[in-house]
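Colleague: fold the following.
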Amino acid sequence: MPRLITIPISHYCEKARWALERAGIAYREERHVQGVHRIVARRAGGGATVPVLVTDAAVIGESHEILAWADERTPGELRLLPAEPRERAEAEALCRRLDAVLGPAGRRLMYVHMLAQRPLAVAYNNQGVPAWEDRAMRWGWPVAERFMRRVLDISPGVEAGDEATVLGELDSIAGLLSDGRPYLCGERFGAADLTFAALAAAVIMPPGYGVALPRPEQLHTGTAGLVRRMRAHPAGRYALSLYERHRRVSPAPASVAGASR
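Modeller: Predicted structure coming up:
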C-alpha cells in the first residue's frame with residue numbers, strides 16, 4: 001500500500017489526498033508537524049517538502065506528480081487530465097500557475113492569520129500526528145513559530161500583498177468561468193478544478209476538506225471576515241461547490257502516526 005507523508009493541514013497534501021481517493025487508490029497517510037516533516041520526507045527519499053508518496057516502484061515528491069501518477073491509474077471516465085495533447089497542455093499550464101501563485105500566497109496569508117491564534121492553530125494543525133510531535137509543537141511553540149515565519153518569509157505587512165495576489169487569482173478563475181463553461185477546462189471536472197479547489201481551501205476553509213478545518217465563527221474577527229469574503233467571491237463559491245459535488249472523503253485511511261490525543 002502506498003504511503004503518503006503529509007502535514008495534515010497542508011493544501012498541497014490535500015491535493016494529493018483528493019487525487020488518490022478519487023482514483024480509488026488505498027494508501028496510508030503518515031502525518032507530521034512542520035519541521036519534522038522535512039526529516040521524514042528526506043528519509044523516505046523525497047526532498048524538503050510534502051506531500052511525498054512512497055510506492056513500491058518510486059518515491060514521488062510533488063503534488064502535481066502525485067496527481068498525474070494517480071490519474072494514470074484512474075478509470076477512463078474519471079480521468080482528470082485530457083488525453084488530447086493540446087487540451088492536456090492547457091490544463092497542465094493552468095495547474096502549474098495555480099501551484100506557483102495561488103498556493104504559496106494563500107498558504108502564507110492564512111499562516112499570518114493563524115499564527116496569531118495559537119490554541120486554535122495547534123489544535124487543527126496537529127490532527128493525527130504522533131503524540132510526541134503534538135507535545136513538542138505545544139511546548140515548543142515559540143521555536144516552531146520562528147521556523148514557520150522564516151521558511152515562509154513572513155515579514156510585517158506581507159499579508160496585504162498576499163491577499164491581493166489571492167484575489168487576483170480568484171478573479172482570473174472567475175473570468176474563465178464567465179463564458180458559462182461548467183468546469184475550468186471544459187465539460188468535465190478535471191485536474192485544474194481539483195488543483196484550484198484544493199489550493200483555494202487555505203482561504204475558504206471548506207467543509208469536506210481531508211482534515212477538519214475551523215469554522216468562521218471559531219476564528220478571530222479579522223480572519224473570519226477574510227474567509228467570508230473569499231467564500232463570497234464567485235471563484236470562492238465555485239471552489240466550495242467543487243468540494244460539495246466532487247470531494248468524497250473516504251473513511252480515514254490507515255495512519256501509521258496514530259491520534260494526537
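Colleague: now do the helices in the protein.
Modeller: For the chain, applying DSSP state H gives helices covering 11-22, 36-43, 63-72, 85-97, 103-115, 118-125, 131-139, 141-151, 158-177, 191-204, 221-232, 234-246.
Colleague: name the helices or strands packed onto the first one?
Modeller: When contacts are defined as 3 or more Cβ pairs under 8 Å, 6 or more residues apart in numbering; DSSP states H and E, helix 11-22 sits against strand 3-6, helix 63-72, helix 103-115, helix 191-204. Quick note: C-beta positions are derived from backbone N, CA and C, even for glycine.
Colleague: ok, residues contacting stretch 209-216?
Modeller: Here stretch 209-216 makes contact (Cβ atoms under 8 Å, 6 or more residues apart in numbering) with 8-9, 13-14, 17-18, 120, 124, 127-128, 201, 205-207, 224, 227-228, 243, 247, 249.
Colleague: how about that stretch: buried residues?
Modeller: 209-211, 213-214 (16 or more other Cβ atoms under 10 Å).
Colleague: per-residue pLDDT, Ser255?
Modeller: Listed pLDDT for Ser255 reads 41.
Colleague: picking that back up, ok, which pair from the buried residues of stretch 209-216 is furthest apart?
Modeller: Farthest-apart pair in the buried residues of stretch 209-216 is Gly210 and Pro214; separation 14.7 Å (Cβ to Cβ).
Colleague: which intervals of the stretch 101-250 of the chain have sub-threshold pLDDT?
Modeller: Along the stretch 101-250 of the chain, the parts satisfying pLDDT under 70 run over 249-250.
Colleague: look up how far Leu20 lies from Gln117.
Modeller: 30 Å (Cβ to Cβ, to the nearest Å).
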